[in-house]
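Student: Provided below are the primary sequence and the corresponding predicted coordinates.
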Amino acid sequence: MKGRVFSGARPTGRQHIGNYLGAIQNYVSLQDDYECIYCAVDIHALTSLEDTDKLQENIGEMMLDWLAAGLDPERSILFVQSHVPQVMELHTLLSMVTPLSWLTRVATFKEKARMQPDNINYGLVGYPVLMTADIILYKADTVPVGEDQLPHLELAREIVRRFHNLFGPTFPEPQAKLTSTPLILGLDGVNKMSKSYNNHIELAASPEETRERVMAAFTDPARRYRSDPGHPEGCNVYRLHGFYNPERLEELATECRAAGIGCVDCKELLARGINQALQPFRERRAIVAARPGYVEEVLADGARRACVIATETLREVKGKMGLI
Ligand code: SF4
């Protein structure tokens, strides 16, 4: 029997190449070996209460990108977190078995509390409980994560173990499936690629927009003149060539070190590589976007299928907790 994967992503609207290289391409390939459940976690997006007026648009844009990238609604369940409200019920039940001290020690809670001191809401501290509910409501046994998310998954496993100690075995203890892609830095070469740093390239950007963004990217600061030898190992344009022009990496490093190629030409080459790689994605996206109501249909069908699993799990949990 196939294992079951669950992963959720905040609906941040149009996805960028960092999202693709870091998560989406992995989501797509997991479909071959697992039963996959992928979710836009709109409730999690409310912890900061930012851009709530754009939430629906952001969900639609993200789903268009996921579908165009190869997530297949025939093989995977694609849905929106709040469309299966049982997750909130399970969250409340799990909150009864989760010691508060486990939550207040979470590093990301402390960081978020520092970032939004005027809105340290319950949702921030309860975030790992909701995340646990997301995973175990569907009895997922596998969660694709980067190294930085391992502590969150470990906390989810602790909550599961505590539930089991109190009420008996109920859920699979979710295992991490580490993604191998390293952190994708943005065009500033310093921060993780992110819309909030405006250092990203959207998958759906036009070839011209993509070129403009790449041409504005930071390179090796030691190369002030075309004749200065460069240090490709410290240049993010070079790192991105690793994904989009892997066959030319060695040659580019040699030319950069010998000042045989200038940064302008090197970036032109990268922009061409990215545009070539994204061309099929962009064509598929245009086809999906031209089907009115298609994304909504996919999400409604996903929610229906997710709901069947959720209802069954919740009945079992309530029975064990003495509620029915
Ligand atoms: Fe970076 Fe390319 Fe310029 Fe070298 S030539 S510093 S790899 S952009």
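Tutor: Noted; the coordinates are in hand. Owing to the predicted nature of the structure, the values given are computational and were not obtained by experimental measurement.

Student: how about stretch 140-160: buried residues?
Tutor: By 16 or more other C-beta atoms under 10 Å, the buried positions in stretch 140-160 come out as 140-146, 149, 152-153, 155-160. Every residue, glycine included, has its C-beta placed from N, CA and C.

Student: Oops, could you answer that again for stretch 257-265 instead?
Tutor: Judged by neighbour count using 16+ other C-beta under 10 Å, the buried positions of stretch 257-265 are 261-263.

Student: restrict the residues you listed to those near the ligand?
Tutor: By C-beta under 6 Å from any ligand atom, the members of the buried residues of stretch 257-265 lying near the ligand are 261, 263.

Student: Output the buried residues of stretch 257-265 as a markdown table; include the columns distance to residue 59 and secondary structure.
Tutor: Putting these into a markdown table (distance: C-beta to C-beta, whole Å; DSSP: H, G, I helix; E, B strand; the rest coil) gives the following:
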| residue | distance to residue 59 | secondary structure |
| --- | --- | --- |
| 261 | 42 | coil |
| 262 | 42 | coil |
| 263 | 38 | helix |
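
Student: from the buried residues of stretch 257-265, which single one is nearest the ligand?
Tutor: residue 263 (3.4 Å; C-beta to the nearest ligand atom).

Student: Give me the pLDDT for the closest one.
Tutor: pLDDT recorded at residue 263 is 96.

Student: any idea what sits nearest it, other than its immediate chain neighbours?
Tutor: Nearest non-adjacent residue to residue 263, counting by C-beta to C-beta, 6 or more residues apart in numbering: residue 219, 4.6 Å away.

Student: so how far is residue 258 from that neighbour?
Tutor: 16 Å (C-beta to C-beta, to the nearest Å).

Student: residue farthest from the centroid of the chain?
Tutor: residue 227 (40.4 Å; C-alpha atoms, centre = their mean).

Student: tell me the phi and psi of that one?
Tutor: Torsion angles at residue 227 (phi, psi; degrees, to the nearest 10) stand at phi -90, psi -10.

Student: List the contacts of the residue of the stretch 51-200 of the chain found nearest the ligand.
Tutor: Going by C-beta to the nearest ligand atom, the ligand is nearest to residue 189 of the stretch 51-200 of the chain, at 9.2 Å. Shown in contact with residue 189 (C-beta atoms under 8 Å, 6 or more residues apart in numbering): 217-219, 235-237.

Student: And residue 44, by the same measure?
Tutor: 8, 10, 81, 127, 130-131.

Student: Serialize the buried residues of stretch 257-265 to JSON lines and add fields for distance to residue 286.
Tutor: Conversion of the buried residues of stretch 257-265 to JSON lines gives the following (distance: C-beta to C-beta, whole Å):
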{"residue": "261", "distance to residue 286": "34"}
{"residue": "262", "distance to residue 286": "34"}
{"residue": "263", "distance to residue 286": "32"}
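
Student: quick check, nearest of the buried residues of stretch 257-265 to residue 196?
Tutor: For these, the closest approach to residue 196 (C-beta to C-beta) belongs to residue 263, at 25.9 Å.

Student: Hmm, that closest one is touching residue 225, no?
Tutor: No - here residue 263 does not reach residue 225: they are 10.3 Å apart, not a contact under C-beta atoms under 8 Å.

Student: Give me the pLDDT for the residue farthest from the centre of the chain.
Tutor: 90.

Student: and the gap between it and the ligand?
Tutor: With distances taken as C-beta to the nearest ligand atom, to the nearest Å, residue 227 is found 12 Å from the ligand.

Student: ok, which stretches of the stretch 1-150 of the chain are strands?
Tutor: With strands called from DSSP state E, counting those that start in this stretch, the stretch 1-150 of the chain shows them at 3-9, 34-40, 76-80, 142-145.

Student: what does the second one rub up against?
Tutor: Right, strand 34-40. Here strand 34-40 has contacts from 2-11, 27, 30, 59, 62-63, 66, 71, 75-81, 134, 138, 140, 142, 306, using C-beta under 8 Å, 6+ apart.

Student: Same question for the first one.
Tutor: Counting by C-beta under 8 Å, 6+ apart, strand 3-9 makes contact with 19, 23, 27, 30, 33-41, 44, 62, 81, 131, 134-135, 138-144, 172, 174, 177, all of which sit outside it.

Student: Can you point out the buried residues in that strand?
Tutor: For strand 3-9, by 16+ other C-beta under 10 Å, it's 4-9.

Student: All set, thanks.
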